[in-house]
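Chemist: requesting a structural model of the entry that follows:
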Amino acid sequence: MARFAAFLIMLIPGLMAAGGIKLMRDTLFGILISPIPFLWLQFVLGVLGFVLGFGFFAGFLLHRDRKKGKVAPRFSKK
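Modeler: Reported below is the predicted structural model:
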């Protein structure tokens, strides 16, 4: 059950990052998604979604590897 909960927790940021990539791609091709009024706002929201989703995922992996002692010395806590 704990693995399933961890999977669900990691699924949300992954979908957020994928949605951010889709918004940025649609902006580059000039496709405007209906609730967003401007292309530049769509691109900014896409970048924000990608950075937040990817950052959460990377932070989770760094935290897990620090607990297991599998990080380089420069990434370990002082």
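Chemist: tell me which residue is most central in this protein.
Modeler: residue 53 (1.6 Å; C-alpha atoms, centre = their mean).
Chemist: is it correct that that residue is in contact with residue 20?
Modeler: Yes: with contact defined as C-beta atoms under 8 Å, residue 53 counts as touching residue 20 (6.3 Å). Every residue, glycine included, has its C-beta placed from N, CA and C.
Chemist: need the contact list for residue 62.
Modeler: 71, 75 (C-beta atoms under 8 Å, 6 or more residues apart in numbering).
Chemist: likewise residue 71?
Modeler: Residue 71 neighbours (C-beta under 8 Å, 6+ apart): 62, 65.
Chemist: the helices in this structure, which residues?
Modeler: In the chain, the segments counted as helices under DSSP state H are 2-28, 39-68.
Chemist: got JSON lines for these, with distance to residue 75 and mean pLDDT too?
Modeler: Formatted as JSON lines, these follow (distance: least, C-beta to C-beta, whole Å; pLDDT from 0 to 100):
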{"stretch": "helix 2-28", "distance to residue 75": "20", "mean pLDDT": "94"}
{"stretch": "helix 39-68", "distance to residue 75": "7", "mean pLDDT": "95"}
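Chemist: number of residues surrounding the nearest residue to the residue nearest to the centre of the chain once chain neighbours are set aside?
Modeler: In space, and not counting its chain neighbours, residue 53 is closest to residue 17: 3.1 Å by C-beta to C-beta, 6 or more residues apart in numbering. When counting by other C-beta atoms under 10 Å, one arrives at 20 neighbours for residue 17.
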